[in-house]
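Novice: Structure for this input, please:
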Amino acid sequence: MCRIEVPEVENLGVFRETIELMFEDDIPKRLSKIGVYRSIDILEVSAGIMFTKGVLSCLKFLEAVPWTEEEEEKLRILFSRFKFDDITTRDILARLYSRNSVDSQQHLARQIVWSITSCTDANARNELKPLVKGLLCRSSVYEKDHADVNKEDLYSVCQSCLSSIVCLFEEASDTIPSEKLAKKEKGSPLIERISREVDNINWLLEILLDRQMAEEFVDMWADQGELIKMHENVSPMVRYELSRVSALLFIAMGTRKLHCPSESRSGLLLAWFGPMLLDFGWLQRCRKGLDMKALEEAMGQTLLTLPLKQQYMLFMEWFRCFSKHGTECPNLSKAFQIWWRRSFLRGSETYAIETR
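Specialist: A predicted model of the protein is given here:
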């Protein structure tokens, strides 16, 4: 029997286990029983007292087994404090640190985004979209080490999806008359392809909104004159899909998540407000996760950001539609009342009413 006195040791239990390993015949077997988390502590003590056999055994064991995120972070901290033999730690370091450049990471992110939008399996696409969005968005749990992707890459994919939608709408309007298309079942391949491309655009738009890069998309969407023209000539079952994109933009603007110049807001509303009025009933029936109350509130709020002259034109268009179709149109009554007061009252009187 011998007595060892160890001053200033924080975890005496780990120190004791490390000393016991010096007398162990089968160290790897003992480490497998102890587990990864404890083995990292033993590695730290072994390195501190220069127990070479213990260090090598711990490194070999740790390289051969999976780690939890907590264990991985613990290893990173340990490797930042201790310098181990390069040959021994090469494989562990290869698991801990990527040697890829920023350009390589961006290339990988770009490839993943393109792969998602071109994925034809619906189940796989639905599984992968939230996964990739979580990795790319700044608000995710991976914020400190999220993959970066160029703004130009995202807009390039958006443009590709828009071009596909234009082609699909041409097919819908040229080869299948709208009255015949309306009679087809909802499982029509053409309708499914259009819905998939709209889903892709909204998914990309959510990423752009999260990264505060969506301002240019407003102008891009407002500039889709060809789509707007074809919107009138196809079945409501098809055309309402386009208003799902407009809905996401209106909600982002109305809830102050998207800040655009007056020209961009005007362009968006002048282009897509009319189609939204026509499609609102279909959006109510086929919500696909869309919050209709939030959409109505946001549309009203966005309208109120325009110059009063433009508000007059759009509110009167809404009034005529609502008086004719009722709940098939969005209810913008609250915003309409605010516009009315602002239009006919002046100066301090307007301010007094609106602050009641």
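
Novice: which helices and strands does the one helix or strand residue 278 maps to pack with?
Specialist: Following DSSP states H and E, one finds residue 278 within helix 262-285. Contact here means 3 or more Cβ pairs under 8 Å, 6 or more residues apart in numbering; DSSP states H and E; on that basis helix 262-285 packs against helix 215-222, helix 225-231, helix 236-254, helix 292-303, helix 308-325. C-beta coordinates here come from the backbone N, C-alpha and C atoms, glycine included.

Novice: Turn those into TSV, columns for mean neighbour count and mean pLDDT.
Specialist: As requested, the helices and strands packed on helix 262-285 are arranged in TSV below (neighbours: other Cβ atoms under 10 Å; pLDDT from 0 to 100):
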stretch	mean neighbour count	mean pLDDT
helix 215-222	19	97
helix 225-231	16	94
helix 236-254	23	96
helix 292-303	20	96
helix 308-325	15	95
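
Novice: Kindly reformat the ones you listed as JSON lines containing distance to residue 18.
Specialist: Output for the helices and strands packed on helix 262-285, formatted as JSON lines (distance: least, Cβ to Cβ, whole Å):
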{"stretch": "helix 215-222", "distance to residue 18": "58"}
{"stretch": "helix 225-231", "distance to residue 18": "69"}
{"stretch": "helix 236-254", "distance to residue 18": "57"}
{"stretch": "helix 292-303", "distance to residue 18": "59"}
{"stretch": "helix 308-325", "distance to residue 18": "75"}
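
Novice: Can you say which of the ones you listed is nearest to residue 169?
Specialist: Smallest distance to residue 169 across these (Cβ to Cβ): 4.6 Å, for helix 225-231.

Novice: ok so, going back, and the helices and strands packed on helix 262-285: which comes nearest residue 260?
Specialist: Closest to residue 260 of these is helix 215-222 (Cβ to Cβ; 5.1 Å).

Novice: Any idea how far that closest one is from the middle of the chain?
Specialist: On the basis of Cα atoms, centre = their mean, to the nearest Å, helix 215-222 sits 18 Å off its chain's mean C-alpha point.

Novice: now it and helix 262-285, what's the angle there?
Specialist: 70 degrees (axes from the mean of the first three to the mean of the last three Cα atoms, to 10 degrees).

Novice: Would you mind pulling the contact partners of helix 215-222?
Specialist: 155, 158-159, 162, 205, 208, 245-246, 249, 258-260, 264-265, 267-268, 270-272 (Cβ atoms under 8 Å, 6 or more residues apart in numbering).

Novice: Check what contacts stretch 322-334 and list those residues.
Specialist: When contacts are defined by Cβ under 8 Å, 6+ apart, stretch 322-334 is touched by residues 276-277, 280-281, 284, 295-297, 299-300, 303, 315, 318, 321.

Novice: export that stretch as CSV, just CAs?
Specialist: What follows is stretch 322-334, C-alpha atoms only, in CSV (Å, rounded to 0.1, in the frame of the first residue of the first chain):
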residue,chain,number,x,y,z
PHE,A,322,-66.0,42.8,-51.4
SER,A,323,-69.5,44.2,-52.0
LYS,A,324,-70.0,41.7,-54.8
HIS,A,325,-68.3,38.6,-53.5
GLY,A,326,-68.3,39.0,-49.7
THR,A,327,-66.2,36.5,-47.8
GLU,A,328,-64.6,35.3,-51.0
CYS,A,329,-62.6,38.5,-50.7
PRO,A,330,-60.3,39.6,-47.9
ASN,A,331,-61.9,41.7,-45.2
LEU,A,332,-60.0,45.0,-45.2
SER,A,333,-62.6,47.0,-43.4
LYS,A,334,-60.4,48.1,-40.5
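
Novice: and that stretch, how far out from the chain's middle?
Specialist: Using Cα atoms, centre = their mean, the offset of stretch 322-334 from its chain centre is 32 Å.

Novice: List the contacts of the residue nearest to residue 74 when sequence neighbours are not counted.
Specialist: Excluding the flanking residues, the one nearest residue 74 by Cβ to Cβ, 6 or more residues apart in numbering is residue 40, at 5.2 Å. Contact partners of residue 40, counting by Cβ under 8 Å, 6+ apart, are 58, 62, 71, 74-75, 78.

Novice: Kindly give a single PyMOL line that selects the buried subset of those.
Specialist: Buried subset of the contacts of residue 40, written as a PyMOL selection, criterion 16 or more other Cβ atoms under 10 Å:
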select buried, resi 58+62+71+74+75+78
